[in-house]
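**Student:** Sequence isn't available, so here's the structure alone:
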């Protein structure tokens, strides 16, 4: 059983309510930080913890905080990115819905470190009922003196507000999020300047993911060095993984990054194996944007080592034979699933979500969707596969924000690892239309454990 | 129709504007448009958008450009109940296509269409962040998850009963 730091109390009845949360030791990190530490000391603990941003990019949080500009007389802001929209990812929702005070507590401690007196939670518009849960938690925190003026008699003032988005994946990109928070279309900004210098309303701003801010609580409570002892190498602490697709037990799991991918999929403590007696075919381990891996490369790296659930091991082999931890959205495909169709739904998603600012992404995502739909429907040509490859290569790296890359990578990986499935669709159009799945020979991974 | 918020809705508008520093009320446009859509029949007419612009001291174009960017705003009238069925990767793996097909069989509407009695609109949407509870759809403020044909039947019946109770 791995260590749990975020969800260890998630099972307690009514943990959503302030009184229960406080009784279970909640808000200790705020007391410790505000009463016994300086803002810089809090940031130092974050650096020592080695915590990497949990939104998907994995950038060290302490370093991000230390980049925040602090000009005299200019307000600074903390904005929490709760625009969780990466297909396969639903961990932040779980955290906010069941332990909202953990986020509020983390925000108070973080806002103190950053010198923000007005902090925002930008939440995706569809999570409408969670807005009520968060606003209730904020009100409870305020009623108990954790927010407002002169918190704990320290002279520090803070208000937290919840801003709802209105349906746009792109607003998960931090500069698009800031545009949206300013009441505009979610078009990403050109960087530099980075938000740490010029962010919300042109003021220095830190944007962090929900899970990142929640992790501040155990880091301050236990100390950065203690936190860094959990995990392996540069993958410190615990990570929430939202597991979905064709597995027996879909849901949100907290792992301490010491387990193997095989254990995560097959052990009863986590996913419980593949559903309906099927076999593992492929998996996207870190949200729809990261490369899909066939079963053999998922469980074992190209070097023949066991693949682990860590940032480094999931990325082992680069994009040629590896993938990424990303947002922790773990999507499993069984042997009845069609990689072409699945890739098509992702391409459609990115076309729908492209903001339209950069032509390679605006046009390219639409072309990829159309070509993939043709292939899926048995109307493709052999040259379409190379055309797809060419389009994705011309999108990658040629756009203002990473949505272009995110749209290109799934298509590239699908062709890289499942090219013969694309070819099969083209050479067997009738079968492709009749059958909803692809080639059976992918169904047998190198090794399917019977026990773990 | 003369568009104007009720006193209660006006209070909510003021509460939202207070989220932001003075002079930054433009930030309120997204939440206020949500409120307007809820108050004025589930969609945003030009008249409604102009009204929101006047409330926030914005040019109408500043509201239009936001309303047309975000997928949750309806720019055409919709049915009393809107089924927004997710169809992205993880939901597709768990049979979202069958749910869309079944709703068509039951109600005779395809994505983007509304039943002739104005009761139901079907819309397909991209990932709603409920991948582990697929297939699913959004209806109003809430999610309906782990959908099956039986559950869809029950939801349709529930909507009809609620509508009948209100009449």
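**Tutor:** Structure's in. What do you need? Treat the numbers as computed from the prediction; the structure is a model and nothing was measured.
**Student:** wait, what's in contact with residue A:185?
**Tutor:** Taking C-beta atoms under 8 Å, 6 or more residues apart in numbering or on different chains, we find residue A:185 in contact with A:179, A:355, B:65-66, B:69. C-beta here means a position set from N, CA and C on the backbone, and glycine is covered the same way.
**Student:** make it 10 Å
**Tutor:** For residue A:185, the contacting residues are A:168, A:170-171, A:176, A:179, A:355-357, B:62, B:65-70, by C-beta atoms under 10 Å, 6 or more residues apart in numbering or on different chains.
**Student:** Do me a favour and average the pLDDT over the helix ranked longest in chain B.
**Tutor:** In chain B, assigned by DSSP state H, the helix with the most residues is helix B:149-166. For helix B:149-166, the mean pLDDT works out to 95.
**Student:** Can you check the pLDDT for residue 111?
**Tutor:** Picking chain A for this. 98.
**Student:** Chain B is the one I meant
**Tutor:** 96.
**Student:** Assign it to helix, strand or coil.
**Tutor:** At residue B:111 the chain is in coil, as set by DSSP: H, G, I helix; E, B strand; the rest coil.
**Student:** count of neighbours near it?
**Tutor:** When counting by other C-beta atoms under 10 Å in any protein chain shown, one arrives at 16 neighbours for residue B:111.
**Student:** Identify the residue nearest it in space, chain neighbours excluded?
**Tutor:** Leaving aside its sequence neighbours, residue B:111 sits nearest to residue B:124 (C-beta to C-beta, 6 or more residues apart in numbering or on different chains; 4.3 Å).
**Student:** Same question for residue A:414.
**Tutor:** residue A:343 (4.3 Å).
**Student:** before we move on, the earlier item: just the buried residues of the longest helix of chain B, please?
**Tutor:** The neighbour-count check on helix B:149-166 (16 or more other C-beta atoms under 10 Å in any protein chain shown) flags B:152, B:155-156, B:159 as buried.
**Student:** about what we covered before: could I have the ChimeraX command that selects the buried members from the contacts of residue A:185?
**Tutor:** The ChimeraX selection below is limited to those of those classed as buried (16+ other C-beta under 10 Å):
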select /A:168,170,171,176,179,355,357 /B:62,66,67,69,70
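**Student:** Quick check: pLDDT value at residue 117.
**Tutor:** Looking at chain A here, since you left the chain open. pLDDT at residue A:117 comes out at 97.
**Student:** sorry, should have said chain B
**Tutor:** Predicted confidence (pLDDT) for residue B:117: 95.
**Student:** just residue B:3 next, same as before
**Tutor:** For residue B:3, pLDDT reads 89.
**Student:** got the contact list for it?
**Tutor:** B:36, B:39-40, B:45, B:47-52, B:54.
**Student:** Those in helices, which ones?
**Tutor:** B:36, B:39, B:47-52, B:54.
**Student:** In JSON lines: those, plus distance to chain A, neighbour count and pLDDT.
**Tutor:** Conversion of the ones in helices among the contacts of residue B:3 to JSON lines gives the following (distance: C-beta to the nearest C-beta, whole Å; neighbours: other C-beta atoms under 10 Å in any protein chain shown; pLDDT from 0 to 100):
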{"residue": "B:36", "distance to chain A": "12", "neighbour count": "26", "pLDDT": "97"}
{"residue": "B:39", "distance to chain A": "15", "neighbour count": "16", "pLDDT": "96"}
{"residue": "B:47", "distance to chain A": "19", "neighbour count": "11", "pLDDT": "97"}
{"residue": "B:48", "distance to chain A": "15", "neighbour count": "20", "pLDDT": "97"}
{"residue": "B:49", "distance to chain A": "13", "neighbour count": "25", "pLDDT": "98"}
{"residue": "B:50", "distance to chain A": "16", "neighbour count": "14", "pLDDT": "97"}
{"residue": "B:51", "distance to chain A": "16", "neighbour count": "21", "pLDDT": "97"}
{"residue": "B:52", "distance to chain A": "11", "neighbour count": "26", "pLDDT": "98"}
{"residue": "B:54", "distance to chain A": "15", "neighbour count": "12", "pLDDT": "97"}
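**Student:** Pull the distance from the one helix or strand residue A:421 maps to to the chain's centre.
**Tutor:** Per DSSP states H and E, residue A:421 falls inside helix A:403-427. A distance of 22 Å separates the centroid of the chain from that of helix A:403-427, by C-alpha atoms, centre = their mean, to the nearest Å.
**Student:** hmm, the next helix or strand after it touching chain B?
**Tutor:** Downstream of helix A:403-427, the first helix or strand assigned by DSSP H and E is helix A:429-434. No: Helix A:429-434 stays clear of chain B (C-beta under 10 Å from any C-beta of the partner chain), getting no nearer than 14.1 Å.
**Student:** List the buried residues of helix A:429-434.
**Tutor:** residue A:432.
**Student:** Show me what that helix is in contact with.
**Tutor:** Residues contacting helix A:429-434 (C-beta under 10 Å, 6+ apart): A:338, A:340-341, A:375-380, A:421, A:424-426, A:428, A:438.
**Student:** and the stretch 301-450 of chain A, which of its residues are near chain B?
**Tutor:** Checking the stretch 301-450 of chain A against chain B by C-beta under 10 Å from any C-beta, the hits are A:329-334, A:336-338, A:341-346, A:348-353, A:355-356, A:410, A:436.
**Student:** My understanding was that residue B:139 contacts residue B:155; is that so?
**Tutor:** Yes: taking contacts as C-beta atoms under 10 Å, residue B:139 lies within contact range of residue B:155: 7.0 Å.
**Student:** residue contacts, residue 110?
**Tutor:** Just going to use chain A. Contacts of residue A:110 by C-beta under 10 Å, 6+ apart are A:29, A:33, A:39, A:42-43, A:46, A:61, A:65, A:78, A:80, A:116, A:119, A:206, A:208, A:212-213, A:216-217, A:220.
**Student:** Please refer instead to chain B.
**Tutor:** Contacts of residue B:110 by C-beta under 10 Å, 6+ apart are B:100-101, B:103-104, B:122, B:124.
**Student:** Kindly report the same for residue A:142.
**Tutor:** So residue A:142 contacts A:104, A:148, A:151, A:158-160 (C-beta under 10 Å, 6+ apart).
**Student:** So which of these would count as near chain B as well?
**Tutor:** Answer for these near chain B (C-beta under 10 Å from any C-beta): A:159-160.
**Student:** now, among the contacts of residue A:142, which is nearest to residue A:366?
**Tutor:** residue A:160 (39.3 Å; C-beta to C-beta).
**Student:** Mind listing the strands the strand or helix carrying the closest one pairs with, and their directions?
**Tutor:** Element membership for residue A:160, per DSSP H and E: strand A:156-164. If you go by DSSP bridges, strand A:156-164 pairs up with strand A:118-123 (parallel), strand A:148-151 (antiparallel).
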